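Undergrad: Here you go, sequence then predicted model.
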Amino acid sequence: MPSISIILPVYNGARYLEQSLNSIREQQYDLNDIEIIATDDNSSDSSPLILAEATRDLPLTVIPGAGTGNWVASTNRALSRASGNFICFLHQDDRFKRDKIRKLLSAAKLYPDVDVFAHPVDFINSSGRRIGKWKFPARPRLYTPPQWFCPLLVQNNLAVPGVMFRRSLLRQTGMLDESLRYTADWDYWLKLATRHDLVLLSACLAEYRIHNEAQTVHFADKQVEYAENLYRVLSRHIGTLNTYNDKNNSKYRIMAKLGVRTNIWLASRITDKPQPVSSLLRAFRTAGLRRGLDYLHLSRVGSRVLSRLKAKIHSLQVN
């Protein structure tokens with residue numbers, strides 16, 4: 001049984017896939033104690049050839065994807081084959097840093113009773129240059145479920161390549177919701193946060209690439225689906241606040257609703273039908289000045305927007 005299973009959904013990812021695989025090759029950890037399960041979802045580029053070549057020197061198993069163009073479905077197919085003690089995710093355009101697996105598994109030894117581990121990630125542009133940081137709004141330490149559920153409900157500040165959890169959790173938590181193409185990761189982290197402690201590490205151990213070819217960018221014109229996904233996750237989990245005997249519950253409820261409205265507005269700005277600024281101002285006015293400021297601080301939305309602007313500028317310069 002390997003220590004960790006790396007889940008790698010692939011669809012036409014040839015441009016960056018080799019870099020992602022190299023980031024596993026360069027790990028400061030015994031590759032014989034790792035398994036990589038990649039799902040190729042009928043790629044029409046050279047991704048299948050890159051994966052086939054990688055099986056020669058990596059503990060890599062390639063299985064067919066769901067054939068639906070849905071990264072969540074492909075992820076679940078790989079999860080069903082995982083056998084490692086821990087699970088982590090690597091998307092075809094992202095990269096692990098050299099000490100990621102070693103540091104995560106070392107933390108797991110220090111906290112044998114904890115099931116979920118997370119760390120910040122660096123935003124990088126299409127050229128691999130660092131342009132920002134995706135960071136959970138808390139200091140590195142151990143968190144109980146209420147302590148990390150509440151800020152997570154306000155904004156998903158856990159990147160897909162920045163989380164590791166015990167495979168045993170799949171038995172009670174299940175797979176990702178394949179109907180949530182935009183928000184399946186947020187929904188899954190919230191499921192974990194309702195029951196399990198979290199250890200948050202300080203080091204950035206992965207890189208999340210912002211670029212025009214990302215699968216979620218191609219969904220940008222489906223604003224109705226995106227909004228529906230956000231509201232469905234919010235309605236599914238907001239009731240958990242009622243189980244916490246905390247005077248701040250109403251604060252988190254207001255900020256979570258504002259977060260959904262803000263994310264919908266931001267997503268619309270990259271389409272040909274952007275929502276007016278007035279709609280965002282109304283959302284902040286409804287939340288109130290104090291809660292609006294609290295949201296801006298807790299969500300770290302400003303740093304994320306700045307990173308995406310840097311990536312956009314870089315893309316325009318390159319092209």
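TA: Yep, it's here. Small disclaimer: the values here were computed from a predicted structure and weren't measured.

Undergrad: Could you list the domains of the chain?
TA: For the chain, automatic domain parsing gives the domain ranges 4-210, 216-318.

Undergrad: so which of those is the most packed in?
TA: Among the domains of the chain, ranked by average contacts under mean count of other CB atoms under 10 Å, first place goes to domain 4-210 (a mean of 19). All C-beta atoms are positioned from the backbone trio N, CA, C, and that covers glycine.

Undergrad: which residues sit in contact with the closest residue to Ser43 other than its chain neighbours?
TA: Computed as CB to CB, 6 or more residues apart in numbering, the closest residue to Ser43 that is not its neighbour in sequence is Asn12, at 4.9 Å. Listed by CB atoms under 8 Å, 6 or more residues apart in numbering, the contact set of Asn12 reads 43-45, 47.

Undergrad: can you pull the pLDDT of Asn12?
TA: For Asn12, the pLDDT comes out at 94.

Undergrad: Between the two ends of stretch 53-61, what distance do you get?
TA: Terminal residues of stretch 53-61 lie 11 Å apart, using CA to CA, to the nearest Å.

Undergrad: now what about it, what contacts it?
TA: So stretch 53-61 is in contact with 2, 21, 24-25, 31-32, 34-38, 51, 62, 81, going by CB under 8 Å, 6+ apart.

Undergrad: if we go to 7 Å?
TA: The contact list for stretch 53-61, computed with CB atoms under 7 Å, 6 or more residues apart in numbering, reads 21, 24-25, 31-32, 34-38, 51, 62, 81.

Undergrad: Return the subset of the residues you listed lying in strands.
TA: With strands taken from DSSP state E, the overlap with the contacts of stretch 53-61 comprises 34-38, 62.

Undergrad: All the helices of the stretch 151-300 of the chain, residue numbers only.
TA: 170-173, 184-193, 215-218, 223-237, 249-268, 277-287, 289-299 (DSSP state H, counting those that start in this stretch).

Undergrad: Just send these back as a markdown table, with distance to Pro146 too.
TA: Formatted as a markdown table, these follow (distance: least, CB to CB, whole Å):
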| stretch | distance to Pro146 |
| --- | --- |
| helix 170-173 | 18 |
| helix 184-193 | 9 |
| helix 215-218 | 29 |
| helix 223-237 | 13 |
| helix 249-268 | 10 |
| helix 277-287 | 22 |
| helix 289-299 | 15 |
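
Undergrad: For these, which has the smallest mean pLDDT value?
TA: The minimum mean pLDDT among the helices of the stretch 151-300 of the chain belongs to helix 215-218 (a mean of 55).

Undergrad: hmm, back to that, between the domains of the chain, which gets the lowest average pLDDT?
TA: Among the domains of the chain, domain 216-318 carries the lowest mean pLDDT (a mean of 89).

Undergrad: Please give the centre-to-centre distance between that one and its chain.
TA: 16 Å (CA atoms, centre = their mean, to the nearest Å).

Undergrad: just to revisit the earlier point, what's the most distant pair in the contacts of stretch 53-61?
TA: Across those, no pair lies farther apart than Arg25 and Arg81, at 21.2 Å, counting by CB to CB.

Undergrad: could you dump stretch 104-113 to CSV, C-alpha only?
TA: The C-alpha coordinates for stretch 104-113 follow below in CSV (Å, rounded to 0.1, in the frame of the first residue of the first chain):
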residue,chain,number,x,y,z
LEU,A,104,2.7,16.7,4.2
LEU,A,105,3.4,13.1,5.3
SER,A,106,5.8,14.4,8.0
ALA,A,107,2.9,16.5,9.3
ALA,A,108,0.7,13.5,9.2
LYS,A,109,3.1,11.6,11.5
LEU,A,110,3.1,14.5,13.9
TYR,A,111,-0.7,14.5,14.0
PRO,A,112,-1.8,10.9,13.7
ASP,A,113,-5.4,11.6,14.8
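
Undergrad: follow-up on the earlier one: with distance to Ala267 as added columns, please give the ones in strands among the contacts of stretch 53-61 in JSON lines.
TA: Output for those, formatted as JSON lines (distance: CB to CB, whole Å):
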{"residue": "Ile34", "distance to Ala267": "35"}
{"residue": "Glu35", "distance to Ala267": "35"}
{"residue": "Ile36", "distance to Ala267": "31"}
{"residue": "Ile37", "distance to Ala267": "30"}
{"residue": "Ala38", "distance to Ala267": "29"}
{"residue": "Val62", "distance to Ala267": "32"}
